[in-house]
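K.L.:
need a structure here:
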Amino acid sequence: YRSNRESCKKTSLMQAFKWMVWSGLVAALASPVMTKTFMPTHAMGRDMVLVIDASRSMDEGFSIVENQNKFDTLKKILENFIAKRKHDRLGLVVFGEFAYIASPVTFDHDILKAMVPHLEVGMAGERTAVYDAVAMAANLLKNSEAKTKVAVLLTDGRNTAGKVPLQAARKFLQQYGIRLHTIGVGQSHDYDPLTLKALAESTGGKFFSAADPKILEDVYETIDKLEPSEVKQAPVIDTTYLYSYPLFIAAMSLLAYLFLLNRSEI
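P.N.:
Numbering: from 1, shown residues only. Alright, predicted model coming up:
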């Protein structure tokens, strides 16, 4: 009786393993998949470099009536502008008597926003090397693979320092396909509006004049609209094929079935 019971139990197990083999094979042939849809974290749309005048004249007010410090006003506007450019890589060039890269183009906007409050008038010298700063911005963007490359120059003075001539700065921008927007801050007799306008238009950009804080804020809002940040991208579908799992179960079940079959024949 005990032998018959063990035999029935073994037969039942063999039948179960056989069904698991067939079920696993059928499931594997059906090729089950698991999909996950997500949007890319960053869209390679625009690389933008902000070129900021930090010469001594930026420590003055906009006018006799409006004595709000130009540089402090600019820093507040920059922080808001940076916060809006979520899908762009941003870089920062600061210039006075010389120009230097405060930040390469990066998606890490938190670092840029944290850096802005620490910018100080005179940190790059007293005079104004406008064309050196433009050339440095072009150098930052020359190897960019972004669809659009943009530089935004802000200055309240004329070029009084530096080694790069205007013609060379313009050539760099055009050679690397960079669109330049220029902003003259304060009174128009302080800077060179004709040169700033011609330089911007030669690259397909625009010139803006900002005589007071409200106009300066409006200028950056206009640039934000001219250079829309968001780049529409199709969602990415990540597909994971699961056929290996039922196939593994079928293989293990087949081995168990053959093992029991061999034991029954002994």
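K.L.:
For the closest residue to residue 106 other than its chain neighbours, list the residues it contacts.
P.N.:
What sits nearest to residue 106 in space, not counting adjacent residues and going by CB to CB, 6 or more residues apart in numbering, is residue 89, at 5.9 Å. The way it works is simple: take the backbone N, C-alpha and C, and place the C-beta from them, glycine included. Listed by CB atoms under 8 Å, 6 or more residues apart in numbering, the contact set of residue 89 reads 46-48, 105-107, 144, 146.
K.L.:
who wins for most neighbours among those?
P.N.:
Highest neighbour count within these: residue 48, with 29 neighbours (other CB atoms under 10 Å).
K.L.:
phi, psi of that one?
P.N.:
With angles defined as degrees, to the nearest 10, residue 48 sits at phi -130, psi 130.
K.L.:
Secondary structure element for the spatially closest residue to it that is not a sequence neighbour, which one?
P.N.:
In this structure, residue 48 finds its nearest non-sequential neighbour in residue 150, 4.5 Å apart by CB to CB, 6+ apart. Per DSSP states H and E, residue 150 falls inside strand 148-155.
K.L.:
do the same with residue 94
P.N.:
strand 89-95.
K.L.:
what sits up against the helix or strand that comes right after that strand?
P.N.:
Following strand 89-95 in sequence order, the next helix or strand is strand 99-106 (DSSP H and E). By CB under 8 Å, 6+ apart, the residues outside strand 99-106 that reach it are 47-49, 89-94, 111-112, 115, 119, 124, 129, 132-133, 135-136, 140-141, 144, 162.
K.L.:
Who are the packing partners of the helix or strand just after strand 99-106?
P.N.:
Sequence-wise, the next helix or strand downstream of strand 99-106 (DSSP H and E) is helix 109-115. For helix 109-115, the elements it packs on are helix 70-84, strand 89-95, strand 99-106, judged by 3 or more CB pairs under 8 Å, 6 or more residues apart in numbering; DSSP states H and E.
K.L.:
if you set the cut-off to 6 Å instead, what comes out?
P.N.:
Helix 109-115 is packed against helix 70-84, with contacts defined by 3 or more CB pairs under 6 Å, 6 or more residues apart in numbering; DSSP states H and E.
K.L.:
got the angle between the helix it packs on and strand 89-95?
P.N.:
Going by axes from the mean of the first three to the mean of the last three CA atoms, to 10 degrees, helix 70-84 is angled at 170 degrees with respect to strand 89-95.
K.L.:
residues of helix 70-84 that come out buried?
P.N.:
For helix 70-84, a neighbour-count test (16 or more other CB atoms under 10 Å) marks 70-71, 73-75, 77-78, 81-82 as buried.
K.L.:
Check stretch 19-30 too.
P.N.:
Neighbour-count burial for stretch 19-30 flags 20-21, 24-25, 27-28 (criterion: 16+ other CB under 10 Å).
K.L.:
Quick one: end-to-end distance for stretch 26-36.
P.N.:
Stretch 26-36 has its terminal residues 24 Å apart, counting by CA to CA, to the nearest Å.
K.L.:
shift numbering so it begins at 19
P.N.:
Right, with 19 as the first residue, what we last looked at is stretch 44-54.
K.L.:
Past the longest helix along the chain, which element shows up next along the chain?
P.N.:
As assigned by DSSP state H, the longest helix anywhere in the chain is helix 20-47. Later in the chain than helix 20-47, the nearest helix or strand by DSSP H and E is strand 51-56.
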